[in-house]
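*Asks:* what follows is a predicted protein model with its sequence.
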Amino acid sequence: MNGNNNKICRIFSININSDQDYQTYAAQRKSSVVHETSGQIHSVLNQNEVEDVDSSVDGEFRLKEHNDFSNSQHFQGSGSLLSDRQTSTLPELTNQTPVNVRKWFVLTSSFFNLFITGGFPFNMSVLFVEFLKAFGKSKAETSLVQSVCTGVYSIGGLLTGELVTKFGTKICGCCGALLSAIGIAVCFIAPNLEFLIFFVGVMSGAGFSLNAICASTSVSQNFLPKKRVLALAFVSMGSGIGTLCFPLLLQYFIDTYGWRGCLLIISGIVLNQLACGLMSGPDVIRPAASKFQQNMTENNETGDSNTTLSRLKATLQNKVFIGFCFALSLILAAFDGLIIFFVDFFEQKGFNRTSVVWLYSGMSIASMIFRFISGLIAQSPKVPKLAIPAMCAFLGCISLSLLPFMTSYSLNAVAIALFGSALGGTLTVVSITTLELVGEKKFPTGLGIVFAASGIASIVGAPIAGNFRDISGSYTYSVLSGAGACLLACFIFTLAMIYQRQHGEDPRSRFNMEINVNARWKSRRRSSFLPWRESVDLGFSI
């Protein structure tokens, strides 16, 4: 913002109730006066004033003539009307670094963050065999190390999503890195399986949960809508590459240093997430709250003093989102049931450890490739976001149905590549679809709810698959039950998509408006739109 006499005029909660209304609204404005940010549309001029606008660069616009805001209406977040001409001094906004540079650092750090959070917690199959030998427990009990880790990682999202909303990605990301690293490091002296379940499962799982939400939230804060979907898809590829690399790293570290030394080295790798946390956060730092900001905060929270409860309530009232969460929990539980027992499953089919690790790597490569493909598909406005997980659930059903009956190595490789494609596509659209369904403001909360729902299913799913194996003596029923869960998930995704279309619950039809107007007093004539003279810079802040 420039000038000493900066003024601000804020307009909130301009609702558009259908796609048709949005198309009509957008058609009445030139592109230079419309700026979209994750379900939010930022504009200031109606059809009569578009001729007075001269577009410049970096999202700033200058009026050619001299308009008047005196008859405009200003709204607060809850939609109630404020008095006309209500303005106040706008605090100076300072950029840490140029946004076009800083966002790439954020993207890189988020990529590496998800490389670790998606790589280690979900790829402990190699360690599962070592834990089985070291402690002599049943497969169902031993599987609790990974299932509790992934479960806390997911269920903790309900809490960590709110923590990220309240304290920001920087603080939460750094705390998460320390929790995960310490939880894994102390397992170097683990005396029993219960010790591993608590420190690797609970403690490190909580840290990974914080970092996963921080990574996605930080990307959504730094990229505009047109690039955000592709950025989220790129970041999710970090999990795919982590899934590809970590089994090989774990096997190498185990062969060289044993499983205890392996955990100690992994804790050092995880500690690098501390640097990722320091790089996270939005691209704009606001100064200490001024009187104006305090007043605006009070106005915006008048509708509900408990903002956390109101966010949860509003999110849980979204029927399409609830259906998405339930179906996603089913499909992730099915996938988790195979991934945990992956090494043991294929070794029982007669393949040696090296061949199994290469199968796992092939699955990870297919997953990584399809993550990016799903992101490209999700960019198309003609493709419903719920259609992608429905397709992935169907692919998962087919692959899991075929795996128990495949005998040759090549056929198993084809089936597991299909499984990896389904897994990658599903994981990519978690953040993308959640953002579309709940909007940017409730994104950390919505992502936390998604994590929680899938975490509950993961905690239950892996022990159930292990019990099927212990009772029947083979993994056939475990894998086939996962295929049934994928088929049910595909059906629910399809129903949610149909319901969304029939009831008009398209997130693209919900927009919130927030406009910062920076004006300088001049000495020319006044028009009917702006009470200030000469030129007006419209700067958009998120």
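*Replies:* Ah, there it is.
*Asks:* now the closest residue in space to Leu144 that isn't next to it in sequence: how far from Lys442?
*Replies:* Distances taken as Cβ to Cβ, 6 or more residues apart in numbering put Ile197 closest to Leu144, at 5.3 Å, once the chain neighbours are dropped. C-betas here are computed from N, CA, C, even on glycine. According to Cβ to Cβ, to the nearest Å, Ile197 stands 33 Å off from Lys442.
*Asks:* could you measure from the residue nearest to Leu144 over to Ile213?
*Replies:* For Ile197 relative to Ile213 (Cβ to Cβ), the value is 23 Å.
*Asks:* which one of the two is surrounded by more residues?
*Replies:* Counting neighbours by other Cβ atoms under 10 Å for Ile197 and for Ile213 shows that Ile213 has the greater number, 31 against 20.
*Asks:* buried stuff in stretch 454-466?
*Replies:* 454-463, 465-466 (16 or more other Cβ atoms under 10 Å).
*Asks:* pLDDT and secondary structure added to these, as CSV?
*Replies:* Rendered in CSV, the data for the buried residues of stretch 454-466 read as follows (pLDDT from 0 to 100; DSSP: H, G, I helix; E, B strand; the rest coil):
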residue, pLDDT, secondary structure
Ser454, 77, helix
Gly455, 74, helix
Ile456, 79, helix
Ala457, 77, helix
Ser458, 70, helix
Ile459, 71, helix
Val460, 77, helix
Gly461, 75, helix
Ala462, 73, helix
Pro463, 76, helix
Ala465, 80, helix
Gly466, 78, helix
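*Asks:* who touches Gly396 in this structure?
*Replies:* 331, 334-335, 419, 422-423, 426, 482-483, 486 (Cβ atoms under 8 Å, 6 or more residues apart in numbering).
*Asks:* one more: Ala185?
*Replies:* Ala185 touches 263-264, 267-268, counting by Cβ under 8 Å, 6+ apart.
*Asks:* farthest-separated two in these?
*Replies:* Farthest-apart pair in those is Leu263 and Gly268; separation 10.2 Å (Cβ to Cβ).
*Asks:* ok, these two, which is more surrounded?
*Replies:* Leu263 (26 against 11).
*Asks:* which secondary structure elements does the helix or strand harbouring the more buried one contact?
*Replies:* Here Leu263 is covered by helix 225-270, with elements defined by DSSP states H and E. On a contact count with 3 or more Cβ pairs under 8 Å, 6 or more residues apart in numbering; DSSP states H and E, helix 225-270 meets strand 35-37, helix 99-117, helix 125-135, helix 169-185, helix 204-222, helix 353-378, helix 409-438.
*Asks:* and if we set it to 10 Å?
*Replies:* When contacts are defined as 3 or more Cβ pairs under 10 Å, 6 or more residues apart in numbering; DSSP states H and E, helix 225-270 sits against strand 35-37, helix 99-117, helix 125-135, helix 169-185, helix 204-222, helix 342-348, helix 353-378, helix 409-438.
*Asks:* of these, which is nearest Gly448?
*Replies:* helix 204-222 (6.4 Å).
*Asks:* Ala140 against Gly461, yeah?
*Replies:* No - using Cβ atoms under 10 Å, Ala140 is not in contact with Gly461; the gap is 11.8 Å.
*Asks:* contacting residues for Cys397?
*Replies:* Residues near Cys397 by Cβ atoms under 10 Å, 6 or more residues apart in numbering: 331, 334, 422, 482-490.
*Asks:* how about these in JSON lines, adding distance to Leu232 and neighbour count?
*Replies:* Converted to JSON lines, the contacts of Cys397 look like this (distance: Cβ to Cβ, whole Å; neighbours: other Cβ atoms under 10 Å):
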{"residue": "Ile331", "distance to Leu232": "19", "neighbour count": "29"}
{"residue": "Ala334", "distance to Leu232": "24", "neighbour count": "30"}
{"residue": "Ala422", "distance to Leu232": "19", "neighbour count": "28"}
{"residue": "Gly482", "distance to Leu232": "27", "neighbour count": "30"}
{"residue": "Ala483", "distance to Leu232": "29", "neighbour count": "20"}
{"residue": "Gly484", "distance to Leu232": "30", "neighbour count": "14"}
{"residue": "Ala485", "distance to Leu232": "26", "neighbour count": "25"}
{"residue": "Cys486", "distance to Leu232": "23", "neighbour count": "29"}
{"residue": "Leu487", "distance to Leu232": "27", "neighbour count": "19"}
{"residue": "Leu488", "distance to Leu232": "27", "neighbour count": "17"}
{"residue": "Ala489", "distance to Leu232": "21", "neighbour count": "27"}
{"residue": "Cys490", "distance to Leu232": "23", "neighbour count": "22"}
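*Asks:* which one of these sits closest to Gly238?
*Replies:* Distances from Gly238 to the contacts of Cys397, taken by Cβ to Cβ, are shortest for Ala422, at 18.9 Å.
*Asks:* for that closest one, report the pLDDT, please.
*Replies:* We have a pLDDT of 90 for Ala422.
*Asks:* that one and Phe370 touch, don't they?
*Replies:* Yes - the criterion here is Cβ under 10 Å, and Ala422 meets it with Phe370 at 7.9 Å.
*Asks:* which residues do these two both contact?
*Replies:* Contacts common to Ala422 and Phe370, judged by Cβ under 10 Å, 6+ apart, are 392, 395.
*Asks:* which one of the buried residues of stretch 454-466 is nearest Gln502?
*Replies:* Distances from Gln502 to the buried residues of stretch 454-466, taken by Cβ to Cβ, are shortest for Ser454, at 26.5 Å.
*Asks:* can you give me phi and psi for the residue nearest to Leu144?
*Replies:* Main-chain torsions, Ile197, degrees, to the nearest 10: phi -60, psi -40.
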